[in-house]
Structure formats: structure tokens, C-alpha cells
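[1] need a 3D model of the sequence below.
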Amino acid sequence: MNDIGWLSLHAIYAVLVVVAAAGICLNALLLLTTALTTSLRSAAHILIGCCALFDTLHEFIPSLGRSAGVVCAFCIGIDRMLYMFDVAAYDRMKKKHMLAANIIQRLKRIRRLLQYHFLSIALFCLWTVFLMIANWTPRQQICTMLAPFHGDSRVLWWNTISGIYIITSLFYSVAWQTVKWRGGLNHSFLSTGVVFFIQFAGIE
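    Numbering: from 1, shown residues only. Okay, here's the model as predicted:
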């Protein structure tokens, strides 16, 4: 590689470092905002904060961070689709004069949903680690997100990630059509849509 090629490569990596640093700062800000804002206590908002955490993790442990982030976006899609199907009951529970029983019921429902979501994220991360170990063979290689996966594990992990993206897209499409049918978009749905787009595009 000539001098111009090396300079171009250094410039590209410098840009990537700046983008990664900006991503870490913005994700930290989003996570901090979610943790400190009392109004952001719904399952979707908590999962969005978790997505910010996993995106930050992706900068240091790429494969595990991507695995957790993809499944987290999948869980957000499920949550938003269920919300759209149950929007009438949800809106009744958000009125100012909610009964204590409704508040307790909603908190229990959020806690139960989050348990399922976090369990699915943990299981997929364990599956990712298993694939890393299953076909591991010591060798020199370029450090990339797929580098820890050897043999059939690489194809299996990538196909699984792609399948989750496709299913998540279907969930968001159903939720989007439901929103259009009911007329109007809310900020929560728009924010989750942005999260999914960033995950899908690989913008970390």
C-alpha cells in the first residue's frame, strides 16, 4: 500500500473513532436521562435506555453488544405492537385520576414484561457465547465483529441476527399500520422507530 493509501486508511479510522466517541457520549446521555426522568418508566422507555447501554457495550465487545441490542430492539417491537393493540385500556390507565389498583396492576405488568424481555436478551447472549466457543480454532485474523465466530458458527449467528431483524421489521410494520389506522403518531412510537432504524443500519 502506498503513502496515499495509508493516509486514507488513517483518515477513515480517525472518522470512525470520532463517530464511536460521539455515539458513546450520546448513548450515555440517553441512558442517564432514562434513569433520572420519572416519567420514563414504561417498558418501552426502559428498553430504549437498555438499547443505549448495549450500543455502548458494542464499542467494546462488538458481538455481545450487537446481540443484546438486536434482541432489545426486537423486545421493543413486541412491546409497541402490544401497546397498539391494547391502546384503549392503556390510555384509560394513563388518566390523571387513576385508581391505586390500576397503578399497581400497571407496575406489575411492566415488571413482568421486563422480566421476559431481559430473559430473552440474556438467553440470546448466552447463545452468542456458545457459538463463539463451539467452533473456536486458534488463528491470526483481522479484528472484526464476526472474528470470534469460526466455521459454521459465523453463518449461524449472522443468519439468526438477520432473522431477528426481519421479524422485528414485521412487528414495527404491524404497529405502524395500526397507528395509521387509528390516526396519528405519538412520540413513544417515533422514538422506538428511530431506535430500530439505528440498530438495523448499524449506526453505533
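
[2] show me where this structure has helices.
    3-36, 43-58, 62-85, 87-93, 100-134, 152-182, 187-201 (DSSP state H).

[3] I'd like to know which of those lies nearest to Cys143.
    With Cβ to Cβ, the closest approach to Cys143 among the helices of the chain belongs to helix 62-85: 8.8 Å. To be clear about C-beta, it is placed using only N, CA and C from the backbone, and glycine gets the same treatment.

[4] from the chain's centre, how far out does the closest one sit?
    Put simply, helix 62-85 sits 5 Å off its chain's centre (Cα atoms, centre = their mean, to the nearest Å).

[5] still on that earlier bit, tabulate the helices of the chain (TSV), appending mean neighbour count, distance to Cys143 and mean pLDDT.
    As requested, the helices of the chain are exported to TSV (neighbours: other Cβ atoms under 10 Å; distance: least, Cβ to Cβ, whole Å; pLDDT from 0 to 100):
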stretch	mean neighbour count	distance to Cys143	mean pLDDT
helix 3-36	12	12	79
helix 43-58	22	14	85
helix 62-85	22	9	83
helix 87-93	12	45	52
helix 100-134	14	14	80
helix 152-182	15	15	83
helix 187-201	16	22	58
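
[6] would a markdown table of these with distance to Met145 be doable?
    As requested, the helices of the chain are exported to a markdown table (distance: least, Cβ to Cβ, whole Å):
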| stretch | distance to Met145 |
| --- | --- |
| helix 3-36 | 13 |
| helix 43-58 | 8 |
| helix 62-85 | 4 |
| helix 87-93 | 37 |
| helix 100-134 | 11 |
| helix 152-182 | 10 |
| helix 187-201 | 14 |
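
[7] which of these sits closest to Gln141?
    Comparing the helices of the chain by their distance to Gln141 (Cβ to Cβ), the top pick is helix 152-182, with 11.3 Å.
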